[in-house]
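J.: prediction below, plus the sequence it came from.
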Amino acid sequence: MMPLVLVAVITLLASLLLPFAVKPWLVRMGVVDVPSARSSHVKVTIRGMGVAAALATAIGYGAAVLLGVVTVDRSLSAVMLGIIAACAAVGWIEDLRGMSIRGRAAAQLGIGAAGSALLIMLTGQSFWWLPLAAVAIAAYVNIANFMDGVNGISGLHGVTAGAAYAAAGLLAGQPWLTAGGVVLAMSFLGFLPWNLGRGSVFLGDVGSYLLGASVAALAVAGFLGGVYVEYVLSPILVYAADTGYTLLRRIKAGERWYASHREHVYQRLTDVGFSHLQSALTVTACTAAVIVLGFVAATAPLPIVALCVAGSLGVLVLYLASPGLIGRYRRRSKVTRLPVT
């Protein structure tokens, strides 16, 4: 356990301290975030701090190997780190000079396919899983990017998902999953003070791609490695539900679903009066609730499983409906407070 604690401390310190060196470099390069139709912020802000989180992630994986946390399954960790690094590199190119939609999609699918093929070979699974695994990695990279729209949300998601996968690794006896989860959690925990402070900075595409690839690589490798599917899926359900629901709403409304927008549930929460942090905490609380229910369902008898599934669906439905419910409540409250003339 002590080596794992050391990995956590090393990764956290790297994530906290590296921005001191990275931030001036980003300023010199002019890597800034200009508010757009998809943004929930209103001023130009430094982005690209995901570079620091990426370096902390690489340091964390290296520490896990050197300190013996990961021994037998080093190849799995190496492949996951390769997926993460490649996706972060694509995000960095996007931050610097932009990429076409087709170019991004091709790169993400290519990384997903190559990484999944290696994971399938290492776990001895059927190559029938390759298309699903490749699409899952590419899709979640984009989901994490879409969901990175308010301060704190990505950092909290990294911490929550990382903690879940670390716990899953302990319960399933998979040290590589535990180590990967710890590295993910600590890399994004160290980013939070920078993102939530007065001189806040953003992850940029390099950071959101890093987050999506980190979560997706752990999920896909865990699934292929025989970890309970409830452990694998529960950390991603709220993000996936928000993105899928928003996509369907836009298609139904006849809007260009691929165009920039700010109609995600977490963004609409800010429209009804939530602060960035309140919106991020709402997403995190729902994610944590679904994780707990998923972990209980993994080994529970069938009646408990049914209750956990119903509870998870209830959390997701309540989350998706929350902007409308809160908006109506606040409008009614304003009406009841109007003075009688």
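T.: Alright, I've got the coordinates.

J.: so what's the gap between the top helix by length along the chain and the chain middle?
T.: When the chain is parsed with DSSP state H, its longest helix is helix 302-337. Distance, stretch centre to chain centre, for helix 302-337: 23 Å (CA atoms, centre = their mean, to the nearest Å).

J.: for residue 214, see how far away residue 182 is.
T.: 12 Å (CB to CB, to the nearest Å). Yep, even glycine has a C-beta here, placed from its N, CA and C like the rest.

J.: which ones are touching the closest residue in space to residue 125 that isn't next to it in sequence?
T.: Excluding the flanking residues, the one nearest residue 125 by CB to CB, 6 or more residues apart in numbering is residue 224, at 4.8 Å. Neighbour list for residue 224: 119-120, 123, 125, 129, 133 [criterion: CB atoms under 8 Å, 6 or more residues apart in numbering].

J.: quick one: the strands in the stretch 1-150 of the chain?
T.: With DSSP state E, counting those that start in this stretch as the criterion, the stretch 1-150 of the chain has strands at 32-33, 45-46.

J.: ranking those strands by burial, who's on top?
T.: strand 45-46 (a mean of 20; mean count of other CB atoms under 10 Å).

J.: which residues touch that one?
T.: 23, 26-27, 31-33, 200-202.

J.: how about stretch 161-176?
T.: 69-74, 76-77, 80, 177-188, 214-215, 218-219, 221-222, 225-228, 231-232, 234-236, 287, 291, 295.

J.: just the buried residues of those.
T.: In those, burial by neighbour count holds for 69-70, 73, 76-77, 80, 177-188, 214-215, 218-219, 221-222, 225, 227-228, 231-232, 234-236, 287, 291, 295, counting by 16 or more other CB atoms under 10 Å.

J.: list the ones among these that fall in helices.
T.: Using DSSP H, these in helices are 76-77, 80, 177-188, 214-215, 218-219, 221-222, 231-232, 287, 291, 295.

J.: low pLDDT regions in the stretch 1-150 of the chain?
T.: Counting by pLDDT under 70, the stretch 1-150 of the chain contains low-confidence ranges at 33-44.

J.: just the helices in it please.
T.: 2-29, 50-66, 74-97, 101-123, 130-146 (DSSP state H, counting those that start in this stretch).

J.: give the other helices and strands that the first one contacts.
T.: The one in question is helix 2-29. Packing partners of helix 2-29 (3 or more CB pairs under 8 Å, 6 or more residues apart in numbering; DSSP states H and E): strand 45-46, helix 50-66, helix 175-189.

J.: and with 10 Å instead?
T.: Judged by 3 or more CB pairs under 10 Å, 6 or more residues apart in numbering; DSSP states H and E, helix 2-29 is in contact with strand 45-46, helix 50-66, helix 74-97, helix 153-172, helix 175-189, helix 192-196.

J.: highest mean neighbour count out of the ones you listed?
T.: Buried most deeply of these, by mean count of other CB under 10 Å, is helix 175-189, with a mean of 28.

J.: pLDDT averaged over that helix - what is it?
T.: Mean per-residue pLDDT for helix 175-189: 96.

J.: report the distance from it to the chain centre.
T.: 13 Å.

J.: C-alpha coordinates for that helix, CSV please?
T.: Extracted in CSV, the C-alpha atoms of helix 175-189 (Å, rounded to 0.1, in the frame of the first residue of the first chain):
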residue,chain,number,x,y,z
PRO,A,175,-3.1,-3.4,-9.6
TRP,A,176,-2.7,-1.8,-13.0
LEU,A,177,-6.3,-0.5,-12.8
THR,A,178,-5.7,0.8,-9.3
ALA,A,179,-2.6,2.6,-10.3
GLY,A,180,-4.2,4.1,-13.3
GLY,A,181,-7.1,5.3,-11.3
VAL,A,182,-4.9,6.9,-8.7
VAL,A,183,-2.8,8.6,-11.3
LEU,A,184,-5.9,9.9,-13.0
ALA,A,185,-7.4,11.2,-9.8
MET,A,186,-4.2,12.9,-8.6
SER,A,187,-3.4,14.5,-11.9
PHE,A,188,-6.7,16.3,-12.0
LEU,A,189,-6.9,17.0,-8.3
